[in-house]
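Participant: Test case, fold it:
(2 chains)
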Amino acid sequence: MTRVSDRETRRSAAGIAGKAVAALLWILGLACVAPVIAALAGCFWHEGAPSTAHFAAAFADIAGTARLLLNSGVVTLGAVLVALVLGVPMGFLCFRTDLPFRRVIIVGALVAACVPVYVTATCWMALFGMRFWLYSPCGAAWIHGLACTPLVVLITGACFATVDRSQEEAAALHTGAAGIFRHVSLPHAAWSMAAAAMVVAVLCLADITVTDVLVVRTFAEEVFTQFQLGAGPERAAAVSFPVVFLLAALAAALRRKLRDYGEAAVYGTGPAPAPLPLGAKRLPIALAVGCIVAAFLVVPVGSLLRTVGSCESLLTSFRASDRELLGTLRVTPIAASVCVVLAAGAARAAVKSRMARWPITVLAVLLVAVPAPIVGIGLIKVLNRPGPLGAIYDSQAVLVAAYVIRTLPFAFLVILPAVKRIPRELDDQLALAGGGLFHKVTCVLAPFCWKAIAVAWLLAFVLSLAETGASFLVVPPGRTTLTIRFLTLIHYGVYPDAAGICLLLLAVVAVAALGIGGLLWPAMKDRFA
Amino acid sequence: MNPPAHEGDRTVERRIGLFLAVAALAAVTGCGGKQQPEVVVYTALDRGFSEPILQEFEKTTGIKARVKYDVEATKTVGLVSAIRAECERPRCDVFWNNEIVNTIRLKNEGLLTPYRPKAAEPFPAVFKDPEGHWSGFAARARVLLVNTNIVKAGEEPDSIYSLADPKWKGRTGIAKPLFGTTATHASCLFAALGEEKAAEFFESLKENEIRVMSGNKGVALDVAAGRLAFGITDTDDAIIEVEGGKPVKIVYPDSRPDQLGALFIPNTLALVKNGPNPKAARKLIEYLLSPEVEAALAKAESAQIPLNPAVKTAARVKTPSEVNAMQVDFSQAAGTFEKAASYIEKTFLR
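Facilitator: Have a look, this model is predicted:
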């Protein structure tokens, strides 16, 4: 009798604790969205009344808007084209064929995919010097395309690795590797290409670092410039609406297909497809792939090392940035961890409650679509006031907040498919057994979602490391990040100190990527044969 | 599935939660440090030049300087925007601007508080605000940096209008004139020449396909590397290339008496209204205006020009008394800033 009573008490306490944590996660989640909503909602108010005055002012110059549209289009579409043309065949070759050293290339792609885009830009600038052809929308598209290629290799490769084995074996009776690729693998992975294109487009449209250094004006750059020139946060936010609308519409239109792809790519059923033999072309293809890998990784990194010159010079640049490195290494992992907790909570809420699903999906799309400076503007509006909010604004917590807001939707999208696969009856059994939140996390969430959580953490970590658009605006006095320091130095050219920090950033990214990659590899190596 | 909850598990659960919460809070906000007097300074002067000075201030006074450095992408204007955005609850005490026009704009918006530092007394009146809202010191000049391998003797440019000379089409450079001293220069031209003539000047630069770079340093580097024949930049960026042995030469533009003259731009110091540490802020301003700091900035790589007559360190670049200096009413230039920026943004950079 006492045991039953104890169990009921525990169950009741666990229920209250669970609800309290859920409420806390909701509050934190809404707090993440509040700055963005505040910044965007301000566009529709002028002098205390609803108005379109900010839009009229932002888009009064039609020719200028058209130019921004053209530049943003060229940069985005060009980058998508470059990344897909290079990335899709590489993804197929590395994940589906018997290409020599393919696992090494996959590990290289994982590391390269985590490298911030401005680091890639620096590598190329170090290689070519600051040539004028780089200072154009096409130059920016080229840099973005190259930076995103490893990401495309991984996204499309993961889908190629889940092709139905029986279909391929049937096709192999009539055609060779090229035919299998064209008729079976490519149609299967078509939506992964759309997903990859979306990711590349989002990253390009939100970035201000490459376009700033290359003096190319895009919508994201314009939001930042307008705010800095004193046009007011409302007008600056109004500038971002075409991009927000376009991306939100695209994401909404492709939502179902992309979700299906996400689940198919991560949870391919049936036996893993066998590697396709490249036959006599194996060696020439291996040589061609080797050249591309060298062009992507070895040559740019080599040019950075050449710029640094000596070990002493490298150590000097490390020592000059040790405070920024420590600050970055303190804030970024915390932001990634908070982000993953919130993303897991949001994914769980979206799966369990029909009422919560729509608002969470809409907010996730909104957070993906808004340019980074809008997040910074919103944080200033919401946090810079007396009291506890001001204390957050004055501390490094404001950077954590900026990073979490910028990375949350991506972590959510990674974790969501994994949470969906948790059997509902497990929850019921756990509740009957009196398991609390701790057991829900350790017995249900962790065993089913640990791979997705690890990938989401890595994603949040590298995106936080690369974040500048919001952190530029909110970084507190007495603190700075490695990225901000680097981006200031790079304006002076690719000197040894900038190249040294660039190598330091590469090392941080490589350690994180290899750590998470190493954690995941034993569980995934069979599929990526 | 694991066994259901027990009291021991629950204790562990609580402890882990408590530990994580405390660790995260401590890591983010910092903890355990003793209270030390501090001053928050936003500085647009390059970190390499301002950091040693502020470190010396900390050593001398025991006051911790919490510094927000400028980001090169939005030189000067970014910090001005931050001060403006934070005006309801300022967290900056001292604004150390590397130019003057944006300081005057902040004064005009009522965001600065008057303070007449004792250390500013020896400075010429032209470098002090009559109402005490700002004090100028350590100047730089806007100059043409010429690659002597490309531009032969006798062909050298002598005016900012040389940037529009068709002979050098596509081979001259300027930093994006929306930020930093280039924006100041543009406002001064709008004030000195009038809106129409200044716009004509920038139009002629555009027609001559001048290269717009992301910063003045980039202009100096590209001239030194021979990618540009010449460009307009600041003396601190130019002198590094000259003293680095690059084939370059500094030309002070418009040096004839009938010409505009070279523009000299002082650093400025201002006390932000309702800043959290006014006492420490005044100490910092007094310190920065001391002859020792101007001498240090003159000796440093940036070769800034001392404006305090008491400073005996010789300037490594020419001073306003040695060349035809542009006569500018900086207050008027501050008034034209928005018009100039709007023109540059909507016409010149399109």
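Participant: switch to C-alpha atoms for all contacts and neighbour counts from now on
Facilitator: Noted.
Participant: Report the contact partners of the residue of the stretch 1-150 of chain A found nearest chain B.
Facilitator: Scanning the stretch 1-150 of chain A for the residue nearest chain B gives residue A:64, at 6.6 Å (criterion: Cα to the nearest Cα). Applying Cα atoms under 8 Å, 6 or more residues apart in numbering or on different chains to residue A:64 gives the contacts B:346, B:350.
Participant: Just the element for it, please.
Facilitator: When elements are assigned from DSSP states H and E, residue A:64 belongs to helix A:62-96.
Participant: Pull out the buried positions in the next helix or strand after that helix.
Facilitator: Past helix A:62-96, heading to the C-terminal end, the next element that is a helix or strand (DSSP H and E) is helix A:102-113. Burial within helix A:102-113, assessed by neighbour count using 16 or more other Cα atoms under 10 Å in any protein chain shown, is assigned to A:102, A:105-113.
Participant: Tell me where the stretch 151-300 of chain B has strands.
Facilitator: Under the criterion DSSP state E, counting those that start in this stretch, strands of the stretch 151-300 of chain B are mapped to B:172-175, B:211-213, B:230-234, B:248-251, B:264-272.
Participant: low-scoring stretches of the stretch 251-400 of chain A, by residue?
Facilitator: Of all residues in the stretch 251-400 of chain A, those with pLDDT under 70 make up the ranges A:255-272.
Participant: Which positions in it make contact with chain B?
Facilitator: A:330-331, A:334, A:380, A:384-386, A:394-397, A:400 (Cα under 8 Å from any Cα of the partner chain).
Participant: if we can go back for a sec, can you tell me which of the strands of the stretch 151-300 of chain B comes nearest to residue B:150?
Facilitator: Comparing these against residue B:150 with Cα to Cα, the closest turns out to be strand B:230-234 (8.7 Å).
Participant: Can that closest one be said to contact chain A?
Facilitator: No - Strand B:230-234 lies out of reach of chain A by Cα under 8 Å from any Cα, never closer than 12.8 Å.
Participant: Taking strand B:264-272 as reference, get the angle to that strand.
Facilitator: On the basis of axes from the mean of the first three to the mean of the last three Cα atoms, to 10 degrees, strand B:230-234 is oriented at 30 degrees to strand B:264-272.
Participant: Can you list the strands that strand B:230-234 pairs with?
Facilitator: With DSSP bridges as the test, strand B:230-234 is paired with strand B:135-147 (antiparallel), strand B:172-175 (parallel).
Participant: Would you mind putting those into CSV with mean pLDDT alongside?
Facilitator: What follows is those, written out as CSV (pLDDT from 0 to 100):
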stretch, mean pLDDT
strand B:135-147, 96
strand B:172-175, 94
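Participant: Select, out of the ones you listed, the one closest to residue A:121.
Facilitator: That would be, of the strands paired with strand B:230-234 and by Cα to Cα, strand B:172-175, which comes in at 19.8 Å.
Participant: Which residues does the closest one contact?
Facilitator: Residues outside strand B:172-175 that contact it (Cα under 8 Å, 6+ apart) are B:163, B:182, B:209-216, B:218-219, B:228-233.
Participant: Low-confidence ranges, the chain, go.
Facilitator: Answering for chain A, as no chain was given. Along chain A, the model assigns pLDDT under 70 to residues A:1-18, A:125-132, A:228, A:230-231, A:255-272, A:434-436, A:491-494, A:523-529.
Participant: wait, I meant chain B there
Facilitator: Using pLDDT under 70 as the threshold, the predicted model of chain B has low-confidence ranges B:1-35, B:72-76.
Participant: Apply 50 and report the result again.
Facilitator: Residues of chain B meeting the criterion pLDDT under 50: B:1-6, B:8-9, B:12-13, B:15-16, B:30-34.
Participant: Show me how the record splits it into domains.
Facilitator: Structurally, chain B divides into domains by automatic domain parsing as follows: B:38-138+B:266-316, B:140-263+B:341-348.
Participant: ends of the shortest one, how far apart?
Facilitator: In this case it means domain B:140-263+B:341-348. With Cα to Cα, to the nearest Å as the measure, domain B:140-263+B:341-348 spans 25 Å from end to end.
Participant: what about the host helix or strand of residue A:148, near chain B?
Facilitator: Residue A:148 belongs to helix A:137-160 when elements are defined using DSSP H and E. No - shown here: helix A:137-160 not in contact with chain B (Cα under 8 Å from any Cα), separated by at least 12.9 Å.
Participant: Packing partners of that helix?
Facilitator: helix A:62-96, helix A:102-113, helix A:117-128, helix A:186-206, helix A:209-213, helix A:241-266 (3 or more Cα pairs under 8 Å, 6 or more residues apart in numbering or on different chains; DSSP states H and E).
Participant: Please consider this matter closed, and thank you.
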